[in-house]
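In: got a predicted model here, sequence first, then my questions.
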Amino acid sequence: MTVSAEDQQSILALMEHIRTHLREHEGMDRLAALAQMSKTKLKYTFKAMTNETVADFRSRVRLERACALLEATELS
């Protein structure tokens, strides 16, 4: 699947939104609206660009953030 430049920008903006709103569990309806795409188009476009689903991306970013926080925590 070829992803247009406009869709790439939408997905990159959505990825940043997800990174900055990790505590919120926004559904696919909301994320699709933010990306200005249908849910189906969002699922296919996101997967084509990132090789992972939106849910997998969100989980991975959360785990990475948790690991970073654990590494930054000084244990006594």
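Out: That came through, no problem. Source: prediction; values computed, not measured.

In: burial count for residue 7?
Out: 21 (other Cβ atoms under 10 Å). For glycine as for every other residue, the C-beta is placed from the backbone atoms N, C-alpha and C.

In: ok, the closest residue to it other than its chain neighbours to residue 66 distance?
Out: In space, and not counting its chain neighbours, residue 7 is closest to residue 45: 5.2 Å by Cβ to Cβ, 6 or more residues apart in numbering. Distance from residue 45 to residue 66, counting by Cβ to Cβ, to the nearest Å: 27 Å.

In: of the two, who's got more company?
Out: Between residue 45 and residue 66, counting by other Cβ under 10 Å, residue 45 is the more crowded of the two (21 against 11).

In: name the SS class of the more buried one, please.
Out: helix (DSSP: H, G, I helix; E, B strand; the rest coil).

In: cool, and residue 70?
Out: helix.

In: circling back to that earlier point, quick one: contacts for the residue nearest to residue 7?
Out: 1, 3, 7, 10, 11, 35, 37 (Cβ atoms under 8 Å, 6 or more residues apart in numbering).

In: how about a cut-off of 10 Å?
Out: Residues in contact with residue 45, defined by Cβ atoms under 10 Å, 6 or more residues apart in numbering, are 1, 3, 4, 7, 8, 10, 11, 14, 35, 37, 38.

In: narrow those to just the buried residues.
Out: 7, 10, 11, 14, 35, 37 (16 or more other Cβ atoms under 10 Å).

In: the fifth one touches residue 11, doesn't it?
Out: Yes: checked against Cβ atoms under 10 Å, the pair residue 35 and residue 11 is within contact range at 6.6 Å.

In: which elements pack onto the helix or strand residue 6 falls within?
Out: Here residue 6, judged by DSSP states H and E, is contained in helix 5-20. Secondary-structure packing of helix 5-20 (3 or more Cβ pairs under 10 Å, 6 or more residues apart in numbering; DSSP states H and E): helix 28-35, helix 39-50, helix 54-72.

In: I'd like the distance between the spatially most central residue of the chain and residue 35.
Out: Central residue of the chain (Cα atoms, centre = their mean): residue 15, 3.9 Å from the mean position. In this view, residue 15 and residue 35 are 10 Å apart by Cβ to Cβ.

In: I'm done for today, thanks for sticking with me.
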